[in-house]
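Participant: need a 3D model of the sequence below.
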Amino acid sequence: MKRLLFAVLAMVGLLAVQGAASAKVRIHIDLSSQRMAVQSSSGSYVWPVSTARSGYVTPRGSYAPTMLKRMHYSRKYQMSPMPHSIFFRGGYAIHGSYATGALGRPASHGCVRLAPGNAARLFQMVQREGASISITGSPPGRTMFAKAQSKHKVHYAGHRAKAKAHYAKRGGYAPTAYAPVQRAPSVKYWQQNPGGFWRLF
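Facilitator: Below you'll find the predicted structure:
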């Protein structure tokens, strides 16, 4: 009798473990399309995301959530808010972003950004069911701009003096197409100092 009871309990436990394993939320992030596909017991979803922009990396591979935080502030990036964070590798997380206009293209420092409402929904699903996370693909190609190079100098289209006079009449600055003939600042400088370019001249 004890053996039969033990066998029944073992079978029930095995079924419960299998049920829990199959109930996991499956999250797939495609870097190429900047989309996240989610499959869960509550349904299937496809949402636009923003992953790492040029100069940064979103790691590819298979992961499981390591920590969930309803609200996290990034000490690395000026205490930027990261609502409904699902951390999966060190400081990398899936989280909500208020920069919803950038969703659908690379824009982050490496995290996977979602619209706030979608991030909240995903957070609740993962909290209930657990999750497996897979990240594949390659970020979309970088946009190339036509330019002529001469050793260390970059000559952009247009003439600086003419451009400044033209835009001064309209009370604004010349766009980057009319940059001065000088050594171009690095991409990393532009990323870290988005408004600092105009202080160079």
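Participant: pull up the per-residue confidence for the residue nearest to residue 88 when sequence neighbours are not counted.
Facilitator: Residue nearest to residue 88 in three dimensions, not counting chain neighbours: residue 63, with 4.0 Å by C-beta to C-beta, 6 or more residues apart in numbering. Quick note: C-beta positions are derived from backbone N, CA and C, even for glycine. Here the pLDDT value assigned to residue 63 is 97.
Participant: correct me if wrong: residue 63 contacts residue 89.
Facilitator: Yes: with contacts counted by C-beta atoms under 8 Å, residue 63 reaches residue 89, the gap being 5.7 Å.
Participant: neighbour count winner among these two?
Facilitator: A count of neighbours by other C-beta atoms under 10 Å puts residue 63 above the other of residue 63 and residue 89, at 19 against 15.
Participant: that older thread, tell me the contacts of the residue nearest to residue 88?
Facilitator: Neighbouring residues of residue 63 by C-beta atoms under 8 Å, 6 or more residues apart in numbering: 88, 89, 132, 133, 134, 135.
Participant: who's in contact with the helix or strand containing the last one?
Facilitator: With elements taken from DSSP states H and E, the one containing residue 135 is strand 131-136. With C-beta under 8 Å, 6+ apart as the test, strand 131-136 has contacts from 24-31, 58-65, 86, 88, 94, 112, 125.
Participant: direction included, what does it pair against?
Facilitator: Strand 131-136 has the following strand partners under DSSP bridges: strand 25-30 (parallel), strand 61-63 (antiparallel).
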